[in-house]
Every structure is written in structure tokens, then in C-alpha cells.
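Novice: 3D model of this:
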Amino acid sequence: MNRSEKRIVMLLSNGFEPDVRVFKEGSSLVRHGYQVDLICWDRERDHPSEATCNGIRIHRFQWRGTYGKALLCVPGYVAFYIHAIRRLLRMKPAAIHCHDLDTLIPGFIAGRFTGAGIVYDAHEIEYFIHFPRWLRRGFSRVEKMLAKRCNAVFVVNSPGIDKFSRMGLASDRLVLLRNGPFLNLSASAFPLACRGVSERIQTSSSLQIEDSPPLAAGRFNGFGCRINPRRAVVPVVLGMIGYIQSGMGIERILELFDELCAKTRDIRLLLVGKIEPRYETVLHSRIRRLKNPDKVIRVGRIPYPEVLKYYTQMDIAIMLHDTGNPQYRYSTPTKLYEAMVFSLPVLASPIGDVGEILRQAGCGIAVQPSDRKQLLSVLSEWVANRPLRRRLGINGRSYALRHFTWEMIEARLCDAYSRLPHARSHTPGE
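Specialist: Now for the predicted structure:
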């Protein structure tokens, strides 16, 4: 088998810092014998143009651009499309893996000339939801036309399956690949921002999620001083992990936080993730107005494996996305699967198929962020009832290990690629 028959080229319209889903898929394909290249658009121009990340060869197109501003993005997209098509024609891959709709167009054009198989990886169900209505309608028609001509379409949740089934796609071309976590992820093997240098995240050991106890015994007070559970009261930690911006339910939790503190002194709120610049001043102002601002712990942007460590410091996972925001309406957060694997009860919004998953797993509850009374009731009960938290957490972990680990999802990914023409992996000696 020659080199091009196992070569996959991925297209991505961000700079890959890395994008966790792209990293996991690319790493899995590399492990199964594929050569994986990634052509991506570095809009900030702050990454090296060529790099390697866990076997994935990264080729960055460096053209300064913005996100979300439809008309202002047009020149950058045109330049990126021309660059990507030219490079794909030179590479002649067996398959072109297009991450989200905005890369499907150049991928499809190049595929027509090279004969490569086309994989459409729909990370988001409504990718262009914030664009003007006339533009959304146009992209919707383009997506339907191109998706029907793809060899495979990957989706992240049940609403994705429903959407493309309504478009008329055959079930054998639709593949559900949820954003499940790795069971064993070595932080030392995850390059810091994949900047093409030898710098790596230094940790004392791998993150052995598979062997972690349902409730960690080695907790930290203020994440600095270890608590002896026999001599001190361990505070209950409410945790919110991810990009921090308006519409994530933080305002509602801060409204309830003082009331929760009044019921129990031993409570903390942990916020982990980069804060949207426009939202930073608003958030800090709101925290300062609390009666107990010192009980809110903020951790800025950190590499993905380091983020996972903070789940072991939490007792309750909260993800209250605004159900009225079309950006979140059909999404199923990766944080849901991570929280379940780490044995955490989950309080979430009824978006995507989150409510159904929580019901089937018996590990939490989906509540409208606007329902202040129910939110306060659920949190008060969970904070006061450690055996209940433990039972919900064990339920979630058991369900996640049966359904959502990346090792299981990796098998579906490789099976889908094995069915693509000229895109089969090989073993040494073939």
C-alpha cells in the first residue's frame, strides 16, 4: 500500500491550540496507522506555521481574521479556501476530513479533482446561527447539498442524527461520535498548545481516570492546603468548567450563591476557564458584590489535561447554558461526559440530548436556568446530602464507562474510515 492510500488531510478554520475533538480524532487515526495532516487557519497569527502534535502534522495558514462577523470574515475565508485547495491538490490524500461546514466547501472542491473520500465532521448543529437570516438559509441549502454527497457524516449527539436524517442521508453514512473523554490521558504527552517545540506540560503522573475513586479523598482547601478529612470539614465545591461568557448560567449561580452560603459555611464556587474579554469586567464586578466573594475561586485558561484535574476538586458539576440562545440549543457539552466519568452529580440545562442522558444515567437533573426556585432547591439538597451526591456520581460514572469513553468512540471512527475507498489503515509489513 503506497503512502497516499492511508493519508488523511483534515481541514479546520481555527489555529488548533489544540481543538480537543480534532486532537482526539487525529491521534486515534495516527495510532491506527494513518498519516494525518491538518491544514488550519491561524487567525491570530501567534502559532508556528509548521508543527507536529502527537503525530499529527500541522500546516497553519497565517492570515489575520476575526470570528463571528460574517462580512468581515469573507476575505480571510477566500484566501484560506484557495490555500487549502492548492495544498490538497499537491498532497493527493485518500480522504479529506472537513471539520464544520466552513471547511466542507474547499474540501469538496478539492475532492472532486483528487477523487478523495469526503468526511464531514459536524461539530455544531447550527454552525452559522448568528449570521443574518438570508445567509443562514443559503448555508443551510449548501450544507444539505454537500452532505448528501459526502462519504460519511460525523455528528456529536442525537439532534445531529435527527437533523441529517431529515435531510435524507442514509443511516450507514451517519456516524455518531460523541466527545467522550480519554480514560487514560498522560498530560506529559499533550504538547502545550502544540507550538512545535519540545515544551510539554509537567505533571507528577498521568491522569489515570480509569482508576480514580468515585470521590477523591485528597481534597484541597482553596486549592493550596491539603485537608485532613478526619480533622476538618471539607467544603462542598460547585464547579463550572469551560469558556466563561454571558449565557453560561454563571449570573444565576452567583445570584443563588449567597443564599447557599447562608445555609452552609463550607461551600465554594470554582470557575475554570478563559473569560471572554468583554465579560471579564462584568463578572469581576458581580463577584465583588457577593457577601462571600472570597469563596469564589477563579482559575484562568489552562491546558486540557490540567483542566481535567479540577474535576477531582469538585463535588457538583454545573453547566447552565442559556436555552434561548440558538448557539447552545442543540449542543451536548463535552463537560457533561467528563463530569460523569469523574463521578460528579450534574446540574444542567435541557439542551441537546443532555436531559435524556441525565435521565437514563440517573446522575443529575436538567433545569431551566430561569427556574430560580428549582435551582436553589436542587443545589440546597445536594450540598446537604453527601450520600445522595455519591449515589448520583456513581450512577453517572457507571453509565459513562459503558457508553461514552473515547476508546469506544475511537472504534467507531476507525470503522467508518475502514469503509471509505482507498482510506484503510495498514500495519507494518503490508
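Novice: Trp406 versus the residue most central in space within the chain, what's the distance?
Specialist: The chain has Thr334 as the residue nearest its centroid, 4.5 Å off, counting by C-alpha atoms, centre = their mean. Using C-beta to C-beta, to the nearest Å, Thr334 is found at 11 Å from Trp406. For the C-beta atoms, the positions are set from N, CA and C on the backbone; glycine is no exception.
Novice: who touches both of these two?
Specialist: Common neighbours of Thr334 and Trp406, using C-beta atoms under 8 Å, 6 or more residues apart in numbering, are Pro181.
Novice: Enumerate every residue touching Leu72.
Specialist: 65-66.
Novice: try 7 Å
Specialist: Contact partners of Leu72, counting by C-beta atoms under 7 Å, 6 or more residues apart in numbering, are Thr66.
Novice: likewise the one 10 residues further on?
Specialist: Under the criterion of C-beta under 7 Å, 6+ apart, the contact list for Ile82 is empty.
Novice: Checking it next. Helix, strand or coil?
Specialist: Using DSSP: H, G, I helix; E, B strand; the rest coil, the structure places Ile82 in helix.
Novice: in what helix or strand does Val36 lie?
Specialist: If you go by DSSP states H and E, Val36 is part of strand 35-42.
Novice: helices or strands up against that strand?
Specialist: When contacts are defined as 3 or more C-beta pairs under 7 Å, 6 or more residues apart in numbering; DSSP states H and E, strand 35-42 packs onto strand 7-12, helix 20-31, strand 56-62, helix 70-91.
Novice: of all the ones you listed, which lies closest to Ala147?
Specialist: Among those, the nearest to Ala147 by C-beta to C-beta is strand 7-12 (15.3 Å).
Novice: what does the domain assignment say about the chain?
Specialist: The record's domain parsing of the chain by automatic domain parsing lists 3-194+406-418, 212-403.
Novice: Redo those domains as a markdown table? Include mean pLDDT.
Specialist: Shown next, in a markdown table, are those (pLDDT from 0 to 100):
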| stretch | mean pLDDT |
| --- | --- |
| domain 3-194+406-418 | 88 |
| domain 212-403 | 86 |
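Novice: so the residue nearest to the centre of the chain sits right up against Asn179, yeah?
Specialist: Yes. With contact defined as C-beta atoms under 7 Å, Thr334 reaches Asn179; the gap is 4.0 Å.
Novice: Check which residues of stretch 30-38 are buried.
Specialist: Buried residues in stretch 30-38, counted by 16 or more other C-beta atoms under 10 Å: 30, 32, 34-38.
Novice: Between all of the residues you listed, which two are separated the most?
Specialist: Among these, the pair separated by the greatest distance (C-beta to C-beta) is His32 and Leu38, at 16.5 Å.
Novice: is it fair to say Ala317 lies in a strand?
Specialist: Yes. Under three-state DSSP, Ala317 falls within a strand.
Novice: What distance do you get for the nearest residue to it once chain neighbours are set aside to Arg141?
Specialist: Spatial nearest neighbour of Ala317, excluding adjacent residues (C-beta to C-beta, 6 or more residues apart in numbering): Ala339 at 3.6 Å. Computed as C-beta to C-beta, the Ala339 to Arg141 distance reads 37 Å.
Novice: ok, the two, which is more surrounded?
Specialist: More crowded of Ala339 and Arg141, by other C-beta atoms under 10 Å: Ala339, with 30 against 10.
Novice: Ramachandran coordinates for that one?
Specialist: Main-chain dihedrals, Ala339, degrees, to the nearest 10: phi -60, psi -40.
Novice: and the gap between it and Arg31?
Specialist: The gap separating Ala339 from Arg31 is 26 Å, by C-beta to C-beta.
Novice: Could you do Cys414 as well?
Specialist: Distance of Cys414 to Arg31, given as C-beta to C-beta: 9 Å.
Novice: now Glu338
Specialist: 21 Å.
Novice: now do Glu259
Specialist: On the measure of C-beta to C-beta, Glu259 and Arg31 end up 49 Å apart.
Novice: contacts for stretch 150-166?
Specialist: With contact meaning C-beta under 7 Å, 6+ apart, stretch 150-166 is reached by 117-123, 125, 147, 169, 173-179, 330, 332, 352-353, 416, 420.
Novice: Just the buried residues of these.
Specialist: By neighbour count, with 16+ other C-beta under 10 Å, the contacts of stretch 150-166 hold 117-123, 125, 147, 169, 173-175, 177-179, 330, 332, 352-353, 416, 420 as buried.
Novice: Give me the subset of the residues you listed lying in helices.
Specialist: 147, 416 (DSSP state H).
Novice: From the buried ones among the contacts of stretch 150-166, which land in strands?
Specialist: Secondary structure from DSSP state E places 117-122, 174-175 of those in strands.
Novice: what's the farthest-apart pair in the residues you listed?
Specialist: Greatest spacing in those, by C-beta to C-beta: Gly117 and Ala122 (16.5 Å).
Novice: No further queries at this time; thank you.
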